[in-house]
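Enquirer: give the three-dimensional model of this entry:
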Amino acid sequence: MLEKYLQIHPEVRKSISAGEPVVALGSDIISRNVNYPQSIKIANDICKIIRNCGAVPATIAIIDGILKVGLTEEEIELLSLSKNIANAGRKDLPFIISKKQTCSTTIAASMILASLAGIKVLATSSIGGVSRKSQDDFNIYADLHELTNTNVAVICSGINSILDIESTLKYLNVKGVPVIGYKTNELPVFYEMKRGFTVDYNVNSSLDISKALKAKWDLNLNGGVIVANPITNKSEINYNLMNTTVDIQLLHNNAKLAADIARNLSNLYKTKL
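Expert: Next up, the predicted model:
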């Protein structure tokens, strides 16, 4: 029944079946942040980074109502050229399918599609969290809800700095979602290196992160994990000056780490360690 809705690119399907490393990518960077043809170059560059690190990239989107895991060059160009394209979340998926629409996917929806395909690692720039006005409007990003349910590790540069970081971390703690810092005790807050918030665990190697992920899911401790990749001094920027160039550089860094984690995870499952 799932095959009716989900289409996995042949290369991605082959890699998943063989237990080879695959990294999922959202498609919003293609369709929303950058104009054509720069958007295609960005998508290709990120995919190249993942391949150079020994993994297969799987960009996620919805094309004509079909859930796509791994896009062709033609589909990437279609997303790049589409105007005012929607960014679909969990609640939208049934309706996007029934209306046969074309959409990019939020982090939450990308996690769902990655999990359906059997992919354990997703690279992005940042994740959402709890709104600073959440006591008034109950605004909690769907990213957090999905992390409590879906077995995908999200490699990012932290939580967006415009959100309530303290409340976000409290929510994740209550829901049992680990926040790992890659070679850092301090949580990187998207576009800022330091804000005074600590991670649950400082892990110094991608292999050790992969070992922890495998142990978590082997124990049926369902739900995702945040792997926060530190922001360099060069990339740090006040959120009032946010720009796409910095966003892309952070995604490049996170794609590299995600590929390393996916590769190590693949080896662990193959050797049954």
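
Enquirer: for K91, see how far away the spatially closest residue to G129 that is not a sequence neighbour is.
Expert: Closest residue in space to G129, ignoring its immediate chain neighbours: T168 at 3.3 Å, by Cβ to Cβ, 6 or more residues apart in numbering. Placement of C-beta: from N, CA and C, glycine included. T168 sits 21 Å away from K91, going by Cβ to Cβ, to the nearest Å.

Enquirer: neighbour count winner among those two?
Expert: Taking other Cβ atoms under 10 Å, T168 and K91 do not tie; T168 has more neighbours (28 against 10).

Enquirer: just the element for the more buried one, please.
Expert: helix 165-174 (DSSP states H and E).

Enquirer: buried set for whichever helix or strand comes after that helix?
Expert: The first helix or strand that comes after helix 165-174 along the chain, using DSSP H and E, is strand 179-182. Neighbour counts over strand 179-182 (16 or more other Cβ atoms under 10 Å) mark 179-182 as buried.

Enquirer: still on that earlier bit, how far does the helix holding T168 sit from the chain's center?
Expert: In terms of Cα atoms, centre = their mean, to the nearest Å, the centre of helix 165-174 is found 19 Å from the chain centre.

Enquirer: any weak-confidence spans in this structure?
Expert: Along the chain, the parts satisfying pLDDT under 70 run over 31-35, 133-138, 190-195, 232-247, 272-273.

Enquirer: select the longest helix from it.
Expert: Secondary structure assigned by DSSP state H gives helix 244-271 as the longest helix of the chain.

Enquirer: ok so, going back, how much space between the residue nearest to G129 and P178?
Expert: Taken as Cβ to Cβ, the span from T168 to P178 is 14 Å.

Enquirer: could you do P37 as well?
Expert: 39 Å.

Enquirer: do the same with I29
Expert: Using Cβ to Cβ, I29 is found at 26 Å from P178.
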